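Colleague: Sequence first, then the predicted structure, then my questions.
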Protein chains: 2
Amino acid sequence: MTAGPAEDTRTRLLQTALRLFTEHGVEGTSLQMIADALGITKAAVYYHFKTKAEITEAVAEPGVRDLDELVRRAAAQKRRGAQVDVLLEGFVDLVIRHRALVALFSSDPGIVRAIEKSAHGGMEGFGQALLGILSGPDPTPAERVSAMVALTGLAMAGGSPDLAVLGDDELRTELLDVGRRLLGRPRRRTSQAVASA
Amino acid sequence: MTAGPAEDTRTRLLQTALRLFTEHGVEGTSLQMIADALGITKAAVYYHFKTKAEITEAVAEPGVRDLDELVRRAAAQKRRGAQVDVLLEGFVDLVIRHRALVALFSSDPGIVRAIEKSAHGGMEGFGQALLGILSGPDPTPAERVSAMVALTGLAMAGGSPDLAVLGDDELRTELLDVGRRLLGRPRRRTSQAVASA
């Protein structure tokens, strides 16, 4: 697929916005800063997005879409163990695939607020869905705390600059291992094993 | 100890600032908003603090001081197991004692940036010190990831509105349990046991 010049600018704009959001926070980033960093005019930014909120939503969109798909896929598993395994493995994959975006979500309430207002029903809804699957029906305090530490800790670690030296494969392996230990799931040798859980 | 009217205003000012920072982020909160919420003039705010940065530092100060003390206390332990236990137990205590502040630190880069510039050497230094003790000398990737998930996950869970229904004692017990599981430490019956580790 060959992208046209407009599509190309849109892609670069979103990449630049994500970088600036990470450096300055969503609230500390202006359309003018995005235009300046790209070497284009503010009018050229407006051609693609009318407001910063539209940019924020578009930056988050791939991650939100993957998260939505993951919640559906995990919830569709019949057995509780399989639900947890599919969610855990998919969540770690998602964290690795969107490391920069995850770092932003983990550290900036600005992007969370922006998504709250979007059509997706907000991160609150996702958080509840993810926690609901991980902690199970009618969870004990221990199950709730384990699920919360797992979700937030895996996301924060995945987005942490301190662990940026670890390659994607290595980080994925370690996050999965930690997640399984936290949630009391058996260790696996390969990600294929999840299909037969 | 009886606080004078000025001391009283300063205390209320910091409590109000913490609440507004939590609701709007540090960058989304102005001195005027703090004055309005307290029903005082902006001049009255200036009497105590010249800039928002000064307020931010003062809001964070009790937590930063406790963290500093904890790192020293843990590092002073002779045995590695005792270092981890003292740090883990002290960190969980700190998270519980400063739940609102921890929530802010976990979610707003504004306060982290404010502390970066402060005389304490910044949160980066604390993060490294805490991670260094938890993951040990010359850590494997697994040890680094476990320590990062433990620190960030415990802090995020401690500050999470989703777990606000849990009382301090219950949350402390569960966070300690999760932390020990993550870091491969034996479970304990009482917090006193740490003294003999």
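Modeller: Sure, I can see it.
Colleague: tell me which parts of chain A are close to chain B?
Modeller: Contacts of chain A with chain B, taken as CB under 8 Å from any CB of the partner chain, map to A:25, A:27-28, A:106-110, A:112, A:127-128, A:131, A:141-142, A:144-146, A:148-150, A:152-154, A:156-157, A:160, A:162-163, A:166, A:170-171, A:174-175, A:177-178, A:181-182. Placement of C-beta: from N, CA and C, glycine included.
Colleague: Restrict stretch A:155-162 to CA atoms and write it as PDB.
Modeller: Taking Å, rounded to 0.1, in the frame of the first residue of the first chain, the C-alpha atoms of stretch A:155-162 are listed here in PDB:
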ATOM      1  CA  ALA A 155       2.000  -1.400  31.500                       C
ATOM      2  CA  MET A 156       4.300   0.800  33.500                       C
ATOM      3  CA  ALA A 157       7.200  -1.600  33.100                       C
ATOM      4  CA  GLY A 158       6.500  -1.900  29.400                       C
ATOM      5  CA  GLY A 159       6.600   1.800  28.900                       C
ATOM      6  CA  SER A 160       9.500   2.500  31.300                       C
ATOM      7  CA  PRO A 161      12.600   4.200  29.900                       C
ATOM      8  CA  ASP A 162      14.600   2.200  32.500                       C
END
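Colleague: what does it rub up against?
Modeller: A:92, A:95-96, A:99-100, A:102-107, A:163, A:171, A:175, A:178, B:127-128, B:131, B:144-145, B:148-149, B:152-153, B:156 (CB atoms under 8 Å, 6 or more residues apart in numbering or on different chains).
Colleague: now do stretch A:84-101
Modeller: For stretch A:84-101, contacts defined as CB under 8 Å, 6+ apart pick out A:18-19, A:22, A:59-60, A:62-63, A:66-67, A:70-71, A:73-74, A:77, A:102, A:130, A:133-134, A:136, A:150-151, A:154-155, A:158-159, A:168, A:171-172, A:175-176, A:179-180, A:183, A:185, A:188, A:191, A:194, A:197.
Colleague: coming back round to it: if any of the residues of chain A next to chain B are buried, put those into a ChimeraX selection.
Modeller: Here is the ChimeraX selection string for the buried members of these, based on 16 or more other CB atoms under 10 Å in any protein chain shown:
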select /A:25,27,28,106,107,108,109,110,112,127,131,141,144,145,146,148,149,150,152,153,154,156,157,160,163,166,171,174,175,177,178,181,182
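Colleague: Out of the residues of chain A next to chain B, which sit inside helices?
Modeller: In this view, those that belong to helices under DSSP state H are A:106-107, A:109-110, A:112, A:127-128, A:131, A:141-142, A:144-146, A:148-150, A:152-154, A:156-157, A:170-171, A:174-175, A:177-178, A:181-182.
Colleague: where's A:Glu54, which helix or strand?
Modeller: Using DSSP states H and E, A:Glu54 sits within helix A:52-75.
Colleague: Run through the residues that contact the residue in chain A that chain B sits nearest to.
Modeller: Chain B sits closest to A:Gly153 of chain A, with a gap of 2.5 Å, by CB to the nearest CB. By CB under 8 Å, 6+ apart, the contact set of A:Gly153 is A:178, A:182, B:148-150, B:152-154, B:156, B:182.
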